[in-house]
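# The sequence and its predicted three-dimensional model are supplied below.
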Amino acid sequence: MLIISPIGKAAQADGSAWQFRSATRKYFPMTAEIPTLLFVGPLRMEYFLLPDGKSHPRIPGGPALYAAAGARPWTRDSIGLVSRVGKNFSPQTVQEIRSAGIGTAGIRLLPDSSPSLGFHYYETWEKHIDWDPVKYYIKYNRTCPDELLEYSPPSLSENAAHPLPETAVRAEDIPAEYHQACAAYIAPCHYQSQITLSVALRRFGVGTLVLSPPDGMLLPSFRPQMREVLHGVDILFTRESSLQTFFSRMDADAGALSERIARWGPKIVLLQRGNSGIHVYDSETRSHNFIPFYPVEMRNPLAIGDSFCGGFLATWRAAFNPVESALAGCISASLAMEGPGGLYALERNPGLAGARLASLRRSILS
């Protein structure tokens, strides 16, 4: 089945102000280079400007890393990343990711390519802006980092109308030893990547495929392309608001939207309803469930969707139960919401995930 969709301050050799304190990590270590779970898509060095005035520079993140970290607390299975990264990623940064128990053989370094970057300004926790970083650094009386001076939002390059960028993942980037994976998550990325990756992963024999399309694909004009992308996908994750736009039905609720998109192929549809939780639709049983996020103090809304998908996929591999998998996914999201960066969640006490899961399960069953 295929599923398509602070960290220490010591400076690193590549100039990053981030360092993962691997000595504190107690989650399952990387055991082999042949992963059971694949997480495919963009990796980025991220910059944050937050509503409380705080800023966080050059933290490794990106959809694929958030998802892989979301899976790590729930499984002893080996996890592998597949991505292309530009000249701002160094071998040292890749090693930090590997030290967190995530396989990196599928990360391709392109030292001559433009940097892989993400800029995130939150005016409020509900209002995310990812363009014009110079304007917003000036607003906070801060100097804009040099590598953001010519920044272009990744969302532009993920639009189906744009050519495939050099840092977009290709099917040939998947190492031969990764072809034996059992399940895969394809994070938001370019339309051509999502098509070729899903076809290749199916050909390799990947049993579970999860897809999260980029917002640039969820426009009414791209419905034919989305039908093509969703062919053969088992599980679809997106936001309720994005699907309302896609179907030009701003009044439609999550249940109606889920049932409609499920007719295009996905057996399970997962819709994020703002910062409140996930609507889960199982087309085989025609059942609808809503799983709320575990309540935490918001510090990183960016992490919610991909972290959820990582936790969902890891648990799905063990239980094949959409509600139980969504519970774990919501806990993964809660861990990632509390701080910036793709690996923030893995610095938490490993017992925290299980305790939160038990509490959330009790709350929805009571």
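Everything's here; your move.

# ok now do A254, which residues does it touch?
240, 271, 273, 279, 281, 288, 290 (Cβ atoms under 8 Å, 6 or more residues apart in numbering). Using the backbone N, CA and C atoms, a C-beta is placed for each residue, glycine as well.

# before we move on, what about G80?
So G80 contacts 33, 35, 37-39, 102-106, 175, 178, 181 (Cβ under 8 Å, 6+ apart).

# buried subset of the contacts of A254?
240, 271, 273, 279, 281 (16 or more other Cβ atoms under 10 Å).

# thinking again about what came up before, let's have the contacts of A254 in TSV, adding pLDDT and secondary structure.
Below are the contacts of A254 laid out as TSV (pLDDT from 0 to 100; DSSP: H, G, I helix; E, B strand; the rest coil):
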residue	pLDDT	secondary structure
E240	98	helix
L271	98	strand
R273	97	strand
H279	98	strand
Y281	98	strand
H288	98	strand
F290	98	strand
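
# so which of the buried ones among the contacts of A254 would you say is closest to S90?
L271 (37.5 Å; Cβ to Cβ).

# how close does the closest residue to M250 other than its chain neighbours get to A262?
What sits nearest to M250 in space, not counting adjacent residues and going by Cβ to Cβ, 6 or more residues apart in numbering, is Q244, at 4.9 Å. Distance from Q244 to A262, counting by Cβ to Cβ, to the nearest Å: 16 Å.

# cool, H231 as well?
With Cβ to Cβ as the criterion, H231 and A262 are 13 Å apart.

# The two: which is more packed in?
Legend: neighbour count by other Cβ atoms under 10 Å for H231 and A262, higher for A262 (19 against 13).

# ok, and the closest non-adjacent residue to the more buried one?
In space, A262 is closest to S283, 4.2 Å off (Cβ to Cβ, 6+ apart).

# circling back to that earlier point, please tabulate the contacts of G80 in TSV, including the columns distance to P163 and pLDDT.
Converted to TSV, those look like this (distance: Cβ to Cβ, whole Å; pLDDT from 0 to 100):
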residue	distance to P163	pLDDT
E33	33	69
P35	30	92
L37	30	98
L38	25	98
F39	25	98
I102	30	96
G103	30	95
T104	27	96
A105	28	94
G106	23	96
P175	25	95
Y178	26	96
A181	29	97
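
# Can you say which of these are buried?
Using 16+ other Cβ under 10 Å, the buried members of the contacts of G80 are 35, 37-39, 102-106, 175, 178, 181.

# Let me know the closest of the residues you listed to M45.
Nearest member of the buried ones among the contacts of G80 to M45, counting by Cβ to Cβ, is T104, at 15.6 Å.

# Just the ones in strands from the contacts of G80, please.
37-39, 103-106 (DSSP state E).

# Strands of the stretch 1-150 of the chain, start to end?
Assigned by DSSP state E, counting those that start in this stretch, the stretch 1-150 of the chain shows strands spanning 2-4, 37-40, 44-49, 55-61, 79-85, 103-109, 117-124, 127-129.

# Apologies, that question was intended for the stretch 251-366 of the chain.
Using DSSP E, counting those that start in this stretch, strands in the stretch 251-366 of the chain cover 268-273, 277-282, 287-292.

# now the last one and strand 268-273, what's the angle there?
Inter-element angle recorded for strand 287-292 and strand 268-273: 40 degrees (by axes from the mean of the first three to the mean of the last three Cα atoms, to 10 degrees).

# Listing partners with orientation, what would you give for strand 287-292?
strand 277-282 (antiparallel) (DSSP bridges).

# Just the CA coordinates for the partner strand, please, in CSV.
The C-alpha trace of strand 277-282 is given here as CSV (Å, rounded to 0.1, in the frame of the first residue of the first chain):
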residue,chain,number,x,y,z
GLY,A,277,-7.6,17.3,14.3
ILE,A,278,-8.1,14.8,11.5
HIS,A,279,-11.2,13.5,9.8
VAL,A,280,-10.7,9.8,8.9
TYR,A,281,-12.7,8.1,6.2
ASP,A,282,-12.5,4.4,5.4
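
# neighbouring contacts of it?
Residues contacting strand 277-282 (Cβ under 8 Å, 6+ apart): 240, 254-255, 258-259, 262, 267-273, 287-293, 308, 322-323, 326, 329-330.

# Does N275 touch Y294 like I think?
No: using Cβ atoms under 8 Å, N275 is not in contact with Y294, being 11.7 Å away.

# quick one: which of these two has more around it?
Each of N275 and Y294 has its neighbours counted (other Cβ under 10 Å); Y294 has more, 20 against 13.

# Quickly note the distance from S55 to Y137.
Relative to Y137, and taking Cβ to Cβ, S55 is found at 8 Å.

# All good on my end, thank you.
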